[in-house]
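Q: Just a sequence and a predicted model for now, questions to come.
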Amino acid sequence: MNTTNILEFDIILEKLADFALTEKSKTKLLQLEPFLNERECRDKMQETTSAVRILNSMGTPPIASMTELDKILQLAEKGGMLLPDQLTIVCSFLISCKRMKNYLNRSAFLNENISAYGDAFYTLDMVSDEINHAIRNSTVNEEASPELKAIRRKIEHVHSSVKVKLENMLQGHKEWFESGYISMRNGRFVLPVKSKFKNQVPGTVMDTSKTGGTFFIEPSSIGKLQGELALLQIQEDNEIRKILYTLTALVDSHIQELKINIECMETLDFIFAKAKLSMDMNAIPVPVTTQRKMLIKQGRHPLLAENSCVPLDFQIGNDVRGIVITGPNTGGKTVSLKTIGLLSLMAQCGLHVPVAEGSIFCMYSNILCDIGDGQSISENLSTFSAHITSIIDILENVSEESLVLLDELGSGTDPAEGMGIAVSILAELIEKHCLFVATTHYPEIKEFAENTDGIINARMEFDRESLKPLYKMQIGAAGQSCALYIAQRLGFPAHMLIRAEKEAYGKNAEPDGNLHKKEKEEKKSKLRVHNKIKKEIIAAPSRSENFHIGDSVKVYPQKLVGIICKEANEKGELGVQIKGEKKLINHKRIELIASASELYPADYDFSIIFDTKANRKARHNLNRKFDPNSIIEYNDEI
């Protein structure tokens with residue numbers, strides 16, 4: 001089961017990676033997964049928030065793309081020689097590091113943690129200055145060394161001498177030559193001699209034209225100068241290699257600082273890519289907690305155009321563990337499911353989400369989905385078989401901390417059997433104590449949800465005037481079939497409508513009666529849901545009452561082990577002794593490890609654990625006889 005693809009989270013990750021400039025950051029962003037630790041998730045969310053604030057105040061950061069930089073540094077480490085182009089890349093990177101350092105230092109007034117990365121960058125001005133001095137336009141500059149400058153001056157002098165001799169020959173015997181220009185062949189100066197005059201110009205034939213009509217001859221009169229020029233060019237090449245090796249050694253001597261700079265740049269690229277996505281989606285930071293509840297206010301599917309997307313309001317948790325959504329086809333049920341799942345994934349990955357302030361998200365061990373028809377031609381599975389295969393996989397992997405999303409539960413088969421299977425699946429999910437949302441069109445499932453503790457109905461609203469879906473979810477009300485109503489509004493013949501009602505409702509059918517009856521039933525349904533929730537709130541025993549003094553417990557999110565030392569107060573706060581210190585902690589953060597009845601005898605004196613030795617001695621003396629010198633201190637009371 002690929003939840004990432006089903007919820008289109010892979011498309012979000014691709015969009016996120018497009019905002020990154022470095023290849024490693026792109027790869028890391030494409031592999032982003034939900035955090036399972038609340039503090040880590042919160043830190044990453046805050047990191048994104050900090051980057052958004054800096055972007056808003058400082059503009060786009062000067063991130064370096066760092067193309068092939070890793071390979072260049074590897075070559076330097078292995079003792080190879082860096083070419084001018086490669087040294088230019090190193091220099092450009094150092095300039096970007098200096099700009100990034102200044103950018104972050106100027107953002108320090110915002111008091112954001114990521115501004116501290118500015119202190120981690122090494123500017124290495126000496127390295128960039130040396131490269132800039134020696135390399136210009138991807139070639140070694142003559143100012144790189146006095147020796148190179150002297151050699152190039154000699155080369156220029158010899159060039160001039162050769163050209164003077166050749167130009168004199170061209171001017172003295174114009175009829176011998178194909179043109180009045182000096183040519184180069186294999187790095188040597190030659191004259192374009194007509195074939196019939198080739199014997200008039202003593203020298204070495206270096207090349208001929210394709211037609212054979214022109215001979216390119218190096219006159220013997222410049223042979224000595226050509227030899228001198230070749231020797232100077234060898235000296236030039238040797239001096240250039242010496243300079244390049246020196247610069248390579250300089251880069252290699254600062255390889256660790258360069259690697260730290262690369263790591264910092266990639267980290268910042270990763271963080272700012274998340275911030276750019278947030279700004280692109282008009283998203284905000286949201287709390288992600290281990291409490292089993294989720295509240296989405298004005299949530300938008302991030303892949304839908306903002307101006308055409310109807311915001312989603314959704315709530316689940318506490319006493320409501322499951323929601324069954326009904327409504328017309330193309331009414332937005334599937335999009336609502338995907339929005340719930342996708343926003344949950346984004347939030348748990350530390351990304352901002354497109355919702356309104358006040359939204360709260362829950363951490364899940366996994367998000368399990370069966371959305372879409374799932375039909376597989378290659379595996380020869382029908383729609384129903386694919387659904388059942390997927391649901392079996394879900395039931396094998398579901399836990400109390402899972403979120404399960406099921407689309408068109410029980411569809412694709414005989415309605416009676418499909419309804420039965422759907423009800424059995426919902427009942428099993430209730431037993432698993434997970435949070436789940438399911439869509440359906442079966443009226444029996446709506447009734448099951450109404451009459452089952454922990455599940456409530458929801459519907460996608462429908463405009464009865466325009467006969468169009470509104471794509472808005474209303475929790476607490478089951479959707480009704482609108483087929484007869486729509487048919488009536490569109491002018492369906494009255495006698496056929498009566499027949500349709502009789503076929504649909506049998507003896508209970510009344511002329512136009514069932515159309516109004518549905519509205520009354522809808523009001524009754526809302527009242528039943530209201531009373532059901534109210535009853536659950538009143539009747540449900542407080543979770544805090546399940547704990548007793550002496551119980552061994554685990555406190556979240558720190559996962560510290562403690563002992564219950566005081567019964568719950570009216571706020572549901574329990575006294576817990578952790579490492580000798582007593583604290584008041586909300587019962588929602590406490591998980592039972594072992595009850596006191598399992599750990600201690602029935603008449604066990606818990607003052608041995610919770611009281612000081614001096615207090616126990618004083619209390620023992622008072623029990624035997626009055627002692628005016630005995631003092632019992634209660635300084636550690638909570």
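A: That came through, no problem. Numbers count the residues shown, from 1 in each chain.

Q: so is G79 in a helix, a strand, or just coil?
A: Under the three-state scheme (DSSP: H, G, I helix; E, B strand; the rest coil), the conformation of G79 reads as coil.

Q: Quick one, grab the pLDDT at it.
A: Looking at G79, its pLDDT is 92.

Q: Count residues in the vicinity of it, would you?
A: Other residues near G79 number 10, with proximity taken as other Cβ atoms under 10 Å. C-betas here are computed from N, CA, C, even on glycine.

Q: From the contact counts, what lies against the longest helix anywhere in the chain?
A: In the chain, with assignment by DSSP state H, the single longest helix is helix 223-253. Counting contacts by 3 or more Cβ pairs under 8 Å, 6 or more residues apart in numbering; DSSP states H and E, helix 223-253 is packed against helix 69-77, helix 84-106, helix 125-134, strand 139-140, helix 146-172.

Q: From what I see, P415 and H441 are in contact.
A: No. At 9.3 Å, P415 and H441 do not qualify as touching, with contact defined as Cβ atoms under 8 Å.

Q: Looking at the two, which is more packed in?
A: H441 (20 against 12).

Q: now that one: how far from T452?
A: Counting by Cβ to Cβ, to the nearest Å, the separation of H441 from T452 is 18 Å.

Q: Tell me the residue in the protein that is farthest from the middle.
A: Here the centre of the chain is the reference, and by Cα atoms, centre = their mean the most remote residue is Q200, at 78.3 Å.

Q: can you tell me which residues contact it?
A: In this structure, Q200 makes contact with 173, 176, 193, judged by Cβ atoms under 8 Å, 6 or more residues apart in numbering.

Q: Now with 7 Å, please.
A: When contacts are counted by Cβ atoms under 7 Å, 6 or more residues apart in numbering, Q200 is found next to W176.

Q: phi, psi of it?
A: Phi and psi for Q200, reported as degrees, to the nearest 10, are phi -80, psi -20.

Q: one step back: quick check: angle from the helix or strand following the longest helix of the chain to helix 125-134?
A: Tracing the chain C-terminally past helix 223-253 and defining elements by DSSP states H and E, one meets helix 255-281 next. With axes from the mean of the first three to the mean of the last three Cα atoms, to 10 degrees as the criterion, the two stretches helix 255-281 and helix 125-134 enclose an angle of 90 degrees.

Q: Can I get stretch 598-607 in PDB? Just the C-alpha atoms.
A: Extracted in PDB, the C-alpha atoms of stretch 598-607 (Å, rounded to 0.1, in the frame of the first residue of the first chain):
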ATOM      1  CA  GLU A 598       0.000  -5.700  40.700                       C
ATOM      2  CA  LEU A 599       3.000  -4.100  42.300                       C
ATOM      3  CA  TYR A 600       2.200  -3.900  46.100                       C
ATOM      4  CA  PRO A 601       0.300  -5.900  48.800                       C
ATOM      5  CA  ALA A 602      -3.200  -4.600  49.600                       C
ATOM      6  CA  ASP A 603      -2.100  -3.000  52.900                       C
ATOM      7  CA  TYR A 604       1.100  -1.500  51.600                       C
ATOM      8  CA  ASP A 605       2.200   1.800  53.200                       C
ATOM      9  CA  PHE A 606       2.900   4.200  50.300                       C
ATOM     10  CA  SER A 607       4.500   6.700  52.700                       C
END
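
Q: And it, how far out from the chain middle?
A: 50 Å (Cα atoms, centre = their mean, to the nearest Å).

Q: and that stretch, average pLDDT?
A: Mean pLDDT, computed over stretch 598-607, is 76.

Q: Next SSE downstream of the lowest-mean-pLDDT helix or strand in the chain?
A: Here the helix or strand of the chain ranked lowest by mean pLDDT, DSSP states H and E is helix 513-539, holding a mean of 50. Along the chain past helix 513-539, the next helix or strand (assigned with DSSP H and E) turns out to be strand 552-555.

Q: which residues touch the helix or strand following that following strand?
A: Counting by DSSP H and E, the next helix or strand C-terminal to strand 552-555 is strand 560-566. For strand 560-566, the surrounding residues in contact (Cβ under 7 Å, 6+ apart) are 547-555, 574-578, 582, 593, 609-610, 638.

Q: if I pick S161, what's in contact with it?
A: Here S161 is in contact with L225 (Cβ under 7 Å, 6+ apart).

Q: Would you mind splitting this protein into its domains for me?
A: Domain ranges of the chain: 3-124+254-279, 144-226, 288-479, 481-540, 544-624, per automatic domain parsing.

Q: returning to that earlier point: using ChimeraX, make a named selection holding only the buried ones among the contacts of strand 560-566.
A: Restricted to buried positions by 16 or more other Cβ atoms under 10 Å, the ChimeraX selection for these reads:
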select :547,550,551,553,555,574,575,576,577,578,582,610
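
Q: quick one on the thing from earlier: same list (the helices and strands packed on helix 223-253) but as JSON lines, adding distance to Q235.
A: JSON lines is the format used below for the helices and strands packed on helix 223-253 (distance: least, Cβ to Cβ, whole Å):
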{"stretch": "helix 69-77", "distance to Q235": "26"}
{"stretch": "helix 84-106", "distance to Q235": "19"}
{"stretch": "helix 125-134", "distance to Q235": "17"}
{"stretch": "strand 139-140", "distance to Q235": "13"}
{"stretch": "helix 146-172", "distance to Q235": "5"}
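
Q: who wins for proximity to T289 among those?
A: Taking Cβ to Cβ as the criterion, T289 comes closest to helix 84-106 out of those, the separation being 30.9 Å.
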